[in-house]
Each structure stands twice: as structure tokens, then as C-alpha cells.
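>>> whatever this is, show me its structure:
(chains A and B)
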Amino acid sequence: MHIPDGYLSPATCAALYVASAPFWYTAFSKIKRLLSTRLVPLISVFAAFSFVIMMFNLPLPGGTTGHAVGMAVTTIVLGPWGSILAISVALLIQALFFGDGGITAFGANCFNMAIVGSLVAYVVYRLIAGRAAISSPRRAVAAAVAGYLAINMAALLAAIEFGIQPGLFHDASGAPLYAPYPLGVAIPAMMLGHLTIAGLAELVVSGGVVAYLQRSEPSLLKLTAPGAAEDGGAAAAMPRGGWRVARPLLILLAIMMILSPLGLVATGTAWGEWAPEDFANTEARQEIQAGSGNAAPPAVVPPGMERLSDVWSAVIPDYDPFQSRDVNIQRIGYLISALVGGGLILLACLLISWVAQLVGGGRKPTADSG
Amino acid sequence: MAVAEAKSVAPARRRRKSFVERTIIGLAEAMEQSLYAEELAQADGMLQRIDPRVKVVGMLALLAAAALSRNISVILGLFAGALLLARMSQVPLRTLVSRVWAPALLFTGMLALPAIFITPGQPMARLPILGWTITAQGVSGATYLITRVETAATFSLLLILCTPWAHVLKALRVLQVPVVGVVILGMTYRYIFLMLQIARDMFESRQSRMVGRLAGSDQRRLAGASVGVLLSKSFQLSNDIYMAMQSRGFRGEVYTLDEFVMRRGDWLALAGFTLVAGAALWLGRL
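Prediction:
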């Protein structure tokens, strides 16, 4: 995640310094106005905190370990502007003194992690946490999701920055001068690690810290919880299991499920989602060519694609459980696929919510700090 | 006999370190690294004798030249220059290998390797069994990336190994970093060590009370609680520091002692850095 020197062109680095500058300026002005003389020690100590937690080896489900950036934790406690400053300072110290992340790429690293990471974490946390009480398990879940999405958004940005390099910066022979992979390779390669290990590390640390602070020091969570319901009031009114909590999300999911037949209106195959048999079909070949900037598809099925296409057979192939030729039955099948998919997502959400309750709300308050 | 006995009782497989142990080791390594840098910054070498402001500007210029060059020979020339500078500044080759070259080569090398096959271009060779084609553009692209990363990382490391951190921070003023920014950076650097110490103590105390291995969920709870404790200690610490600063007369204005004086050698070094960076930019433009 920390982009070293040499991966991004100086032009990209300069552009990201320029993009970061207004955020740094605004963050500095806002925090200085709020804190005045308290600014220096607070940001310094929190930058040191950010730096140290980036070094923690976090245990993840499955026995592996990973490092987190802690952007959601810092954002929840300091607010997004304080977090932008603290993480930027921590990243500068890392780049200057520990060689972690480049000096020319410092602007890019700050833009991805300190700025976008903090802002995404803030928006997601506020959206999911809503007006829930400080001690509500919903806040721990909100923090975990905020951390997960923030680091993945930062990783996506880094992947885009890598991915645009070969097209924009190459020598006369066409050899890439900086990061060599195009977007089609850079994004999946980067996201694979972040959707799993790095994302989980951020999820564990964000949810875990908020759950801990709820028990031991809830006052630290108040800054980003304006209008939080009084503990015992809304929290007591809220049924365990959090159906009320999840209501907006469920409504959204229901709308998406209702809208899913819109997929039937769309014609053709999504770009890049071709099946091996499409290469032998004249109509499909024309469609691939038209959608690929008029580049002719290979005459035969790529051998790797042919080999790998048999590795996994979907339970509901092509969203068509009945595999019927009748269009009406296909439509019903499409709708059923949406319902089954939605149900599976719901089941996953319930499972996450149950785990979160076990972690966040299942124990009595304790003063033990480890 | 004793050796044989020791061998026979040694576990056949090395025990996998727990996350607590690994974190303790990581935190201790970070502290060792900076102590070593401070020690090396006191050595009597060429870079150590140069004014920190010249070093910051000079190293950044060389770094920019390496980043901008479109010619591998020029990047390699700059890398050779970095090696020469390290030699003249008593920076051991072993330090460069272990701190920069090996990790950068391993990480960037692994990352760049597939590029030699998947970058479209003129075929150069074919792998015998797999049948993958190596392209000239792929090899050039991977070489650009690896040489650039190694050269840039060497210059950055030389700057920090040959300059006390307090001087690096103060020298940032020439780059128009606001005074308050320099003070925040300085305080952060100082408190990083205190936080590292606190974190290490926390993990060591937990480690000393633990028998056996913790379950995965307990490990995660412990990690979350440790970060939470560190967070609340940070708040407490920042309040204590603020009160200590106020009691010593801090009213928001920040001053730094600016005792740097440019001597003839510093001007010469500045001219040298500028000349080399300028030449590299000129030669590496195509």
C-alpha cells in the first residue's frame, strides 16, 4: 500500500501533491481553529500512535497476520481533518526515516490513505452508525465496515495510479518507464490482497478498537457521534439483532432486487465476461471486436481460459437456473437468481452482525487493558 | 557430548512465533534501526560533513533525476554515484544490502517479473517448458522499475543514515515546510519512540503472563484492546505534554534555532549535486 519511489512518474506524483494540498490546507486551518495551541501535541502524539499501530502484526481469521493503517480508528477519534493531518505526518516520518513509502510518492500515499481513506472511513462510519448510542454494537460494526472500505478504496486508487502508468509513460520502443501493468492487471492484483488480508486487518483493528473503547473509554468516541442516542435509551429500545439498525440497508437491498430484472433489458455480454464458446460464435466475435476498440479476438479459445473455465461450475450458471429456451422461464429464473443472491448476502450480513454482537456486546465491561 | 544432547532435545520444527512475539520483534527492530542511523550520522564521512540543507536539496535533486530519466544507463550511473557516496560516507555495504537492496529487489523483483512475459512487444526468447514469450519491452520495463526503485531508495537511505534526524527536520525549512509542521514532525519522531516503548512493554507484559497459545478470536480481541489502550494513552499523553508546554511558556508561537552556516565545502557540494542531477536530467531526457 505504501507506494515506493520509482513506481509512479514524477508527473503523477506532482499531480497528487497538488491534489492533496487543498486537503492539507483545509485540515490544518480547521484543526488550528478548533484546537489553537493544543494542535501541536495532539497531532504529534496521534501521528506517533498511527505510526506505531501500522507496525502491529494483527492476527487475522485463518491464522495469517497483516498490518493495518488504522485510518478508521484515527478518523473516529479525531474526526476526518485531524486524521488527515495525523496520518500524513506518520506517512512522512515513515518515508523519511524508515524508507517505507517513497519521498516522491509521499503525495500519492497521503492522497490514497490519509485523505481519501479518512474521508471514506468518516462517511461510511457516520452512515452506518447513524444516531446509535455510543455503546451500541452497531458502532463497532460501522467502524469495521468503515475500515474495510477505506483501505480498499485507498488500494483501488493506488491500483488506478499504477495502472495508468504504462499507457502514459513509456519509452520510444513502448517499454513502460514506471509501474509496468495496465489497469486490467493492476486493479485485480492490488485488490486481491486488500479485499482479503489487508482489508481484514483494517476490519479487525477498527471494529476491535471501537468495541474496546465502548467498554473502557466511551468519551473518545463522542467527537464523531453527534446526536448519538443516550445510552440505555435508544440502545434499550433497539432489539438485539439490530433489525431496526439494518432497516435502511434492507430497504436498499430490496430496491436493488426489484430492479434486477432491468438486467434482462440489457443486450449482449458484459465486456470481459466471455465464455470459451463465444470465440467460436460469429455474432459473439463481432460483439467482442466492437467492444474492444475494433481489436480482433483470438481465432481460437485462449488455452489458459479453456483450461480454467472448467475449474468452477456455478450453482446457477448465467443467472439461469432452469437452462430453458423459453424467454419467460428465463426471466423467472433471473428473478429467482436475484432473490437467491440477495438472500445469500442477507445471510452473510446476519452472520457478520451475529459475530459483531459476540465481539462487541457479549461481554461485560472490563478495565483490563492487556 | 553436550552439543549432541542439545541437538537431540531441540525441537524438530521451529515454533511459529505468536503475533505478540512478532509485534515485539518488529517494534524492537524499528528502534534499533533509528539508533543505528543516529550512530552512523556521527561518523566522520563525506556526507556527514555537508550542511543538512544541502544534503536535503541535493538528495532530492538526485532522486528526481533518477525518477525522470528515460535512459537505463543514466539510472545505473546515478546508482553507481550513490554507491560512491556511501563508500565515502562510511556507510557499510552490508547496511545498504540488508536495509535497501535485498528488500527492494525481492519485493519489486517479484512484482516486475511477470511484466517480462505479459508486456506486449518484440519477442526475445521463449521459456522451454511453459512456452511463455519474453519480450524486449517487458525486460526493459522491469529493468526500469527495479533500477529506479533501488537508486531512489539508496539516495533516501543515505540522507537519513548520514544526518541526525533533528537536522533533517530543521533542513526541511528550506523546502518552505511551515515551522509548525517541522515542530509537529520533530515531536512525532520523539514520541514514536515513547509509543514504541509503551507498546513493547504492553506486549511483553502480556507475553510474560501467557502460557500456551491464544485462540484466534482471543488474539484479535487482545490486538484490538492493545490498540485501544495505546489510543487512550495517546490522548492522556497529549494532554500532559500540552500542560507541560504551557507551564514552560508555550503560547502557540514556535521558534527553531537556526544555527546552520554554509561553508565553502557546502557550496561546492551543492554545486556538485546540482551538476550531477542536471547532467543526469539532460542525458536521461530521451
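>>> so who does the closest residue to chain A within the stretch 151-286 of chain B touch?
Chain A sits closest to residue B:224 of the stretch 151-286 of chain B, with a gap of 2.0 Å, by CB to the nearest CB. Where you see a C-beta, it was placed from the backbone N, CA and C, and this is true even at glycine. For residue B:224, the contact set (CB atoms under 8 Å, 6 or more residues apart in numbering or on different chains) comprises A:204-205, A:207-209, A:211-212.
>>> which residue, other than its chain neighbours, is closest to it?
Nearest-residue entry for residue B:224: residue A:208, 2.0 Å, with adjacent residues in sequence omitted and distances by CB to CB, 6 or more residues apart in numbering or on different chains.
>>> residues touching that neighbour, list them.
Residue A:208 is in contact with A:359, B:220-221, B:223-225, B:227-228, counting by CB under 8 Å, 6+ apart.
>>> which one (most neighbours) among the residues you listed?
Greatest neighbour count in the contacts of residue A:208, by other CB atoms under 10 Å in any protein chain shown, goes to residue B:223: 29 neighbours.
>>> leaving out sequence neighbours, find the closest residue to residue B:284.
Computed as CB to CB, 6+ apart, the closest residue to residue B:284 that is not its neighbour in sequence is residue B:69, at 3.0 Å.
>>> residues near that neighbour, how many?
25.
>>> next one: residue A:197
Using other CB under 10 Å, residue A:197 is surrounded by 17 other residues.
>>> for residue B:170, same thing?
23.
>>> isn't there a strand covering it?
No - secondary structure of residue B:170 (DSSP: H, G, I helix; E, B strand; the rest coil): helix, not part of a strand.
>>> that one against residue B:182, yeah?
Yes - if you go by CB atoms under 8 Å, residue B:170 and residue B:182 touch, sitting 6.6 Å apart.
>>> re earlier: ok, so of the contacts of residue B:224, who is nearest chain B?
residue A:208 (2.0 Å).
>>> need the three-state assignment for that closest one.
Of the three states, residue A:208 takes helix under three-state DSSP.
>>> ditto for residue A:173
Under three-state DSSP, residue A:173 comes out as coil.
>>> how far away is it from chain B?
Residue A:173 sits 6 Å away from chain B, going by CB to the nearest CB, to the nearest Å.
>>> residue nearest the centroid of chain B?
When chain B is reduced to its mean C-alpha position, the closest residue under CA atoms, centre = their mean turns out to be residue B:157, at 6.2 Å.
>>> returning to that earlier point: what's the most distant pair in the contacts of residue A:208?
Based on CB to CB, the longest span within those runs between A:359 and B:227 and measures 14.2 Å.
>>> and chain A, what are its domains?
A:10-237, A:239-267+A:319-364, A:269-312 (automatic domain parsing).
>>> looking at these, which one has the lowest mean pLDDT?
Within these, confidence is poorest for domain A:239-267+A:319-364, with a mean of 53 (mean pLDDT).
>>> which residue ranges of chain B form strands?
Remark: strands assigned in chain B by DSSP state E are B:123-126, B:133-135.
>>> can I get those strands in TSV with mean neighbour count and mean pLDDT?
Below are the strands of chain B laid out as TSV (neighbours: other CB atoms under 10 Å in any protein chain shown; pLDDT from 0 to 100):
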stretch	mean neighbour count	mean pLDDT
strand B:123-126	11	83
strand B:133-135	18	87
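>>> turn the ones you listed into a markdown table, including distance to chain A.
Converted to a markdown table, the strands of chain B look like this (distance: least, CB to the nearest CB, whole Å):
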| stretch | distance to chain A |
| --- | --- |
| strand B:123-126 | 12 |
| strand B:133-135 | 9 |
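>>> distance to residue A:92 added to those, as TSV?
TSV is the format used below for those (distance: least, CB to CB, whole Å):
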stretch	distance to residue A:92
strand B:123-126	41
strand B:133-135	38
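>>> among those strands, which comes closest to residue A:128?
So among those, strand B:133-135 is nearest, using CB to CB, at 47.2 Å.
>>> chain B contacts on the stretch 201-350 of chain A?
Near chain B, the residues belonging to the stretch 201-350 of chain A are A:204-205, A:207-209, A:211-213, A:216-217, A:220 when assessed by CB under 8 Å from any CB of the partner chain.
>>> most neighbours of all those, which one?
residue A:209 leads these on contacts (other CB under 10 Å) with 33 neighbours.
>>> give the contact list for that one.
By CB under 8 Å, 6+ apart, residue A:209 lies in contact with A:73, A:143, B:224, B:227-228, B:231.
>>> cutoff 6 Å now
A:73, B:224, B:227-228 (CB atoms under 6 Å, 6 or more residues apart in numbering or on different chains).
>>> biggest separation within those residues, which pair?
A:73 and B:224 (9.6 Å).
>>> neighbours around the nearest residue to residue B:166 once chain neighbours are set aside, how many?
Sequence neighbours aside, residue B:186 is the residue nearest to residue B:166 in space, at 6.7 Å (criterion: CB to CB, 6+ apart). Look at residue B:186: counted by other CB under 10 Å, it has 20 neighbours.
>>> and what of the one 3 residues further on?
Here the neighbour count serves as a burial measure; for residue B:189 (other CB under 10 Å) it reads 23.
>>> touching, residue A:106 and residue A:93? I think so.
No - Residue A:106 lies out of contact with residue A:93 (CB atoms under 6 Å); the separation is 10.7 Å.
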